[in-house]
Structure formats: C-alpha cells, structure tokens
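Below is the structure, and that's it, no one-letter string:
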C-alpha cells in the first residue's frame, strides 16, 4: 500500500501561512551552534542574552504573503529585522533565529549560513554591533535573506 501524498495548492499554502501568522509571533535569536531538524524543540535552543538584546514581536500585518504560481512558491516575507546591541557584555554569538507562537510553541527555526568566507554565526562583541535580516517563510521550506 502506498502512503497518500498530500498536495497543498498555492492558494491553500497562502491561507495556511496567513493562519499561522494570524497571531503575535515572537522572533528570537539563538546563541548555540545547534543545527535544526525535524525533531528540534525549544529545549535545543539557547536564547541570546545580554548586550541589550530583546526578542521582537510580529503580527499578521507585518508579513507580505505572495501567492505562488508555476515554479514560484507561496511566500511570507517580514520586514527587515534589526538589532543594535547597545550595551556592553560578554562576547556572544547569534547562530540563527526561531519563531514562537503567542502561546509559546516553537513554530520554526532557521540557522544563519555564511555567504562566503564568513563564519556561520554573527559575533556580538562590542556595543554598537548590528545584526539585520529579513525573515522569509517559503511554502515547503524556509529561506533567509541577509542584508
């Protein structure tokens, strides 16, 4: 017996993304070198602390959801997210980000990946260090666009 394949059409994917994002979600940075997978739980992730860091809150109105067509997937794109680490603290690193639902459940996690000759983390060392990126949720996968 073959396992049935669930097909989510573009219009369904757009509605699913809108339903997932139709709540306040919180955007957090993680500081351990964990590589996320399907079995990832919140317990696997160590949140960045110090240097004036605080998670960010996003609502449905913050996301631009684009219906896919042909070979282009349905996507949800948030605006540029920026942290300016304005307080002194022990050196730290941000390896990626994760999103929590309004009831604290882990929705998704994404690790930062270098674009060339860069480390696979963002160093947080000095007051004034800046981290910015655009979270992009792509139907079927996740993608990160760095600025």
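Yep, that arrived. Because the structure is a prediction, the values reported are computed rather than measured.

residue ranges with poor pLDDT in the chain?
Low-confidence segments of the chain (pLDDT under 70): 1, 140-147.

Can you show me the helices along it?
10-21 (DSSP state H).

ranges for the strands of it?
In the chain, the segments counted as strands under DSSP state E are 25-30, 56-58, 64-66, 75-77, 81-85, 92-94, 96-100, 106-111, 122-124, 129-138, 141-146.

got JSON lines for those, with mean neighbour count too?
Where C-beta positions appear, they are placed from N, C-alpha and C, glycine not excepted. Shown next, in JSON lines, are these (neighbours: other CB atoms under 10 Å):
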{"stretch": "strand 25-30", "mean neighbour count": "21"}
{"stretch": "strand 56-58", "mean neighbour count": "15"}
{"stretch": "strand 64-66", "mean neighbour count": "15"}
{"stretch": "strand 75-77", "mean neighbour count": "19"}
{"stretch": "strand 81-85", "mean neighbour count": "17"}
{"stretch": "strand 92-94", "mean neighbour count": "20"}
{"stretch": "strand 96-100", "mean neighbour count": "22"}
{"stretch": "strand 106-111", "mean neighbour count": "18"}
{"stretch": "strand 122-124", "mean neighbour count": "20"}
{"stretch": "strand 129-138", "mean neighbour count": "18"}
{"stretch": "strand 141-146", "mean neighbour count": "12"}
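
Dump those strands to TSV, plus distance to residue 47.
Below are those laid out as TSV (distance: least, CB to CB, whole Å):
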stretch	distance to residue 47
strand 25-30	5
strand 56-58	12
strand 64-66	27
strand 75-77	23
strand 81-85	13
strand 92-94	10
strand 96-100	9
strand 106-111	12
strand 122-124	12
strand 129-138	14
strand 141-146	18
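
who wins for proximity to residue 4 among those?
For the strands of the chain, the distance to residue 4 is smallest for strand 141-146, at 21.4 Å, taking CB to CB.

follow-up on the earlier one: I'd like to know which of the strands of the chain lies nearest to residue 46.
Checking these against residue 46 by CB to CB gives strand 25-30 as the closest, at 6.0 Å.
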